[in-house]
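Participant: Sequence plus the predicted model coming up.
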Amino acid sequence: MALRAYWKGSLKLSLVTCPIALYPASTQSEKTHFHQINTKTGHRLRQQMVDERTGRVVDKEHKGKGYELSKGRYVEIDDDELDAIKLESTHTIEIDDFVPAEDIDERYLDKPYYIVPSGKEGADAFVVIRDAMKQKERVALARVVLSNREHIIALKPLGKGLLGTTLRYPYELRDEEDYFDDIPSPRVSKDMVKLASHILDTKASKFNPGKFKDKYEAALKALVKRKAAGKTIEVPEEKEDRGNVIDLMEALKQSLKGRKSAAPRAKRRRSGGRKRKAA
């Protein structure tokens, strides 16, 4: 079944325009989801909107939007008033700037989308824009209207297409100083840092998302399967907290020692396997 595009429009660079389609690059559909049910009947529950003071259910006709000016005091905003400030959906992603990828603070990255040419028309223009960005190693910054809100979107080449990532606005980010100011600045010896650097070297590898395993999701699926089969679910005993590490230097030494001793064992297993195979 062909996937349905989330958004369709045009990609514009100066006077060059090409039709494109935008698809969400991430999904939550594979995750285990639960519904609220009545444990007596097994039926699914439905939520109702209730007036917090009267306790009465509010019908659809009297549901509205309100902005809280002060505690319990709201200004009502209706849909017609929201339409008055509605942004015109031009269905055009117009590129404003090109910046080096490393200039974009990762905290601003929000939602990823795949961008592809829509139909054969304009495919040449799409490829020209994509390859020019690839050659210059630049990321395009553009504007797009999604769900009545204007977003800044970063575009970069990805395989045969483009990866578009919407960016957060500065007001959506919290200031790191509010969290980092209280971090102490103890004096640590150069030997400790050197040992920690050695441990980092022993764990050096390449980024491989295929190694990421959602253990909780796997456990959830197993739990549902066991419960559906009528099996009893036993809660494991909580493990004892070993407490904080007191001797940091000793802990670093033991960590490095453990890594060094593990490597020869793995090597011996591999070499032993080859001997057996040769025999």
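Facilitator: Now that the structure is in, tell me what you want to look at. Numbering: from 1, shown residues only.
Participant: for this structure, what spans make up the helices?
Facilitator: 79-84, 123-136, 177-180, 190-202, 215-228, 248-278 (DSSP state H).
Participant: neighbouring contacts of the second one?
Facilitator: Taking contacts as CB atoms under 8 Å, 6 or more residues apart in numbering, the residues outside helix 123-136 that touch it are 11, 13, 16-18, 20, 95, 98, 117, 139-140, 155-157, 161-162. Yep, even glycine has a C-beta here, placed from its N, CA and C like the rest.
Participant: Quick one: buried ones out of those residues?
Facilitator: Of all the contacts of helix 123-136 considered here, the ones buried according to neighbour count by 16 or more other CB atoms under 10 Å are 11, 13, 17-18, 20, 95, 117, 139-140, 155-157, 161-162.
Participant: quick one: which of the contacts of helix 123-136 sit in strands?
Facilitator: Using DSSP state E, the members of the contacts of helix 123-136 that fall in strands are 11, 13, 16-18, 20, 95, 98, 117, 139-140, 155-157, 161-162.
Participant: Could you identify which of the helices of the chain is most buried?
Facilitator: Here the criterion is mean neighbour count by mean count of other CB atoms under 10 Å, and of those the winner is helix 123-136, at a mean of 15.
Participant: Could you check how far that one is from the centre of its chain?
Facilitator: On the basis of CA atoms, centre = their mean, to the nearest Å, helix 123-136 sits 27 Å off its chain's mean C-alpha point.
Participant: from the contacts of helix 123-136, which is closest to F180?
Facilitator: V139 (27.4 Å; CB to CB).
Participant: So in terms of bridging, what pairs with that closest one?
Facilitator: Per DSSP bridges, residues listed as beta-bridge partners of V139: V99.
Participant: what's near enough to touch it?
Facilitator: Residues counted as contacts of V139 (CB under 8 Å, 6+ apart) are 98-101, 103-104, 133, 154-156.
Participant: So, low pLDDT: which residues of this structure?
Facilitator: Residues of the chain that meet the criterion pLDDT under 70 lie in 1-2, 88-89, 240-246, 258-279.
Participant: got a list of what the residue lying closest to T17 once chain neighbours are set aside touches?
Facilitator: Using CB to CB, 6 or more residues apart in numbering and skipping the chain neighbours, the partner closest in space to T17 is S10 (5.1 Å). By CB under 8 Å, 6+ apart, S10 lies in contact with 17-20, 91-93.
Participant: so what's S10 bridging to?
Facilitator: Bridge pairing for S10 (DSSP bridges) gives the partners P19, T92.
Participant: Can you tell me what sits against stretch 83-100?
Facilitator: With contact meaning CB under 8 Å, 6+ apart, stretch 83-100 is reached by 7-13, 17, 20, 115, 129, 133, 136-145, 148-150, 153, 155, 164.
Participant: got JSON lines for the helices of the chain, with distance to E238 too?
Facilitator: Converted to JSON lines, the helices of the chain look like this (distance: least, CB to CB, whole Å):
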{"stretch": "helix 79-84", "distance to E238": "50"}
{"stretch": "helix 123-136", "distance to E238": "52"}
{"stretch": "helix 177-180", "distance to E238": "29"}
{"stretch": "helix 190-202", "distance to E238": "29"}
{"stretch": "helix 215-228", "distance to E238": "16"}
{"stretch": "helix 248-278", "distance to E238": "24"}
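Participant: Could you point out which of those helices sits nearest Y171?
Facilitator: Where those are weighed against each other on CB to CB, the nearest is helix 177-180, at 14.5 Å.
Participant: What is the distance between that closest one and the centre of its chain?
Facilitator: The answer for helix 177-180 is 23 Å, by CA atoms, centre = their mean.
Participant: ok, now stretch 32-47?
Facilitator: For stretch 32-47 - counting by CA atoms, centre = their mean - the centre lies 28 Å from the chain centre.
Participant: And stretch 115-123, by the same measure?
Facilitator: A distance of 27 Å separates the C-alpha centroid of stretch 115-123 from that of its chain, computed with CA atoms, centre = their mean.
Participant: No more questions from me, cheers.
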